[in-house]
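Enquirer: quick one, structure for this:
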Amino acid sequence: MKIISIVGARPQFIKLAGLLHSLEENFSHLVIHTGQHYDDNMSCVFFDELWIPPPAYNLGVGSDTHSKQTAAMMVRLEEALEHESPDGVLVYGDTNSTLAGALTASKMHIPVAHIESGLRSFNRKMPEEINRIVADHVSDLLFAPTPTAMKNLKREGLLRKSFLIGDVMMEGLRKFSPQAELHKCKLLASLGVEEKQFALATIHRAENTDYPEILADILDGLSSIDYPIVFPMHPRTRKRIDEFSLENRVGRNIQIIEPVGYIEMFALEASASVILTDSGGVQKESWALNTPCVTIRDETEWVETVESGANKLSGRTPEGIKEAFLSMLGKRLPPLPDFFMLNPSELIPGIVKRLWG
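Expert: This next block holds a predicted model:
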């Protein structure tokens with residue numbers, strides 16, 4: 001069987017890395033990179049660190065509005081899929097690459113499996129929410145990471161094609177965290193911080209960065225915390241700070257650095273005392289690494305992290321961010337639930353072979 005993985009953004013490279021060896025063992029497997037993330041710090045470094053071979057296709061789409069970017073991906077994906085004639089396509093997560101891959105393949109009558117399906121924030125203003133809903137409804141197989149995701153799929157009438165297989169990013173963390181431990185001391189020394197004596201911040205989502213008043217509030221909230229913060233800044237966030245002239249809202253407690261690779265990010269997450277983020281993946285990783293998390297949003301698709309007490313929603317006000325940080329500083333976290341210990345790389349190939357072979 002020929003299976004093609006369609007990826008395009010940093011979180012998808014991480015998800016693919018956890019499955020790659022198993023996919024190559026069981027199938028003739030190719031990777032198509034849409035080029036959604038094209039900066040070296042957001043793309044090439046992940047392929048190198050995670051031992052992902054060069055993609056068979058790099059569509060080079062780059063950034064644009066959601067509609068233009070998705071349309072360009074679909075046009076170029078159609079050409080690649082016509083040339084390769086795969087037996088199935090895997091799409092990952094909730095980016096525009098996910099949406100484009102699922103729509104294009106389904107219209108070409110190529111079976112589609114959506115990895116990390118069933119997640120819902122119930123906020124349709126998030127482009128990611130639209131992407132994941134549409135991808136789930138046009139896909140033929142749905143691989144859900146959590147029991148809550150399975151309940152969401154059942155509620156939407158999709159249970160017959162849904163499978164609880166665990167979380168691919170958590171499996172990847174178990175695989176790659178020993179490397180992060182080796183990098184930790186050198187990395188912290190280069191930043192001038194000590195283990196468990198700093199916070200880590202990551203902000204990149206459109207709803208947090210594309211509106212000057214919201215981004216200003218978030219920066220004010222981070223700056224109001226009397227604690228050192230290391231902030232690997234996403235290119236989108238850096239661009240918006242410059243565009244909105246918000247440089248003066250970045251406090252002296254915040255050390256802005258370039259985006260870091262996967263292994264270095266693990267090392268920072270494990271070493272921080274608290275993580276402040278709007279990333280879905282980081283919310284899970286922080287729990288696995290026993291680091292309390294504050295999510296700078298009003299809701300999350302990873303509800304288990306909040307229900308367990310490992311993560312707290314702060315909203316976007318300066319007061320809410322500071323209060324949530326103080327409440328999580330020094331907090332002891334509960335153990336991970338059993339479903340986060342499943343191994344998707346062992347489960348997915350068997351299901352695909354049985355239903356598509």
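Enquirer: max-length helix in the protein?
Expert: helix 168-191 (DSSP state H).
Enquirer: same for it, what does it pack against?
Expert: helix 10-26, helix 262-271, helix 280-288, helix 344-356 (3 or more C-beta pairs under 8 Å, 6 or more residues apart in numbering; DSSP states H and E). No exception for glycine: its C-beta is placed from N, CA and C like everyone else's.
Enquirer: now tabulate these in CSV and tack on distance to Ile4 and mean pLDDT.
Expert: Formatted as CSV, the helices and strands packed on helix 168-191 follow (distance: least, C-beta to C-beta, whole Å; pLDDT from 0 to 100):
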stretch, distance to Ile4, mean pLDDT
helix 10-26, 10, 91
helix 262-271, 22, 93
helix 280-288, 23, 94
helix 344-356, 12, 96
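Enquirer: so which of these is nearest Met150?
Expert: helix 344-356 (13.8 Å; C-beta to C-beta).
Enquirer: now do that closest one: distance to the chain's middle.
Expert: 22 Å (C-alpha atoms, centre = their mean, to the nearest Å).
Enquirer: buried residues in it?
Expert: 344-345, 347-349, 352 (16 or more other C-beta atoms under 10 Å).
Enquirer: to Thr148, which of the helices and strands packed on helix 168-191 lies closest?
Expert: Of the helices and strands packed on helix 168-191, nearest to Thr148 by C-beta to C-beta is helix 280-288, at 12.7 Å.
Enquirer: contacts for the closest one next, please.
Expert: 11, 14, 94, 119, 167, 169-170, 173-174, 202, 266, 269, 275, 277, 292-293, 295, 300-302, 305, 308, 310-311, 333, 336, 340 (C-beta atoms under 8 Å, 6 or more residues apart in numbering).
Enquirer: now the angle from it to helix 10-26?
Expert: Angle of helix 280-288 versus helix 10-26, following axes from the mean of the first three to the mean of the last three C-alpha atoms, to 10 degrees, is 80 degrees.
Enquirer: then helix 280-288 to CSV, C-alphas only?
Expert: Listed in CSV are the C-alpha atoms of helix 280-288, where the atom choice follows Å, rounded to 0.1, in the frame of the first residue of the first chain:
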residue,chain,number,x,y,z
GLY,A,280,-2.5,22.9,22.2
GLY,A,281,0.5,20.7,22.0
VAL,A,282,2.4,22.5,24.8
GLN,A,283,-0.6,22.1,27.1
LYS,A,284,-0.1,18.3,26.9
GLU,A,285,3.6,18.3,26.9
SER,A,286,3.8,20.4,30.0
TRP,A,287,1.7,17.9,31.9
ALA,A,288,3.8,15.0,30.7
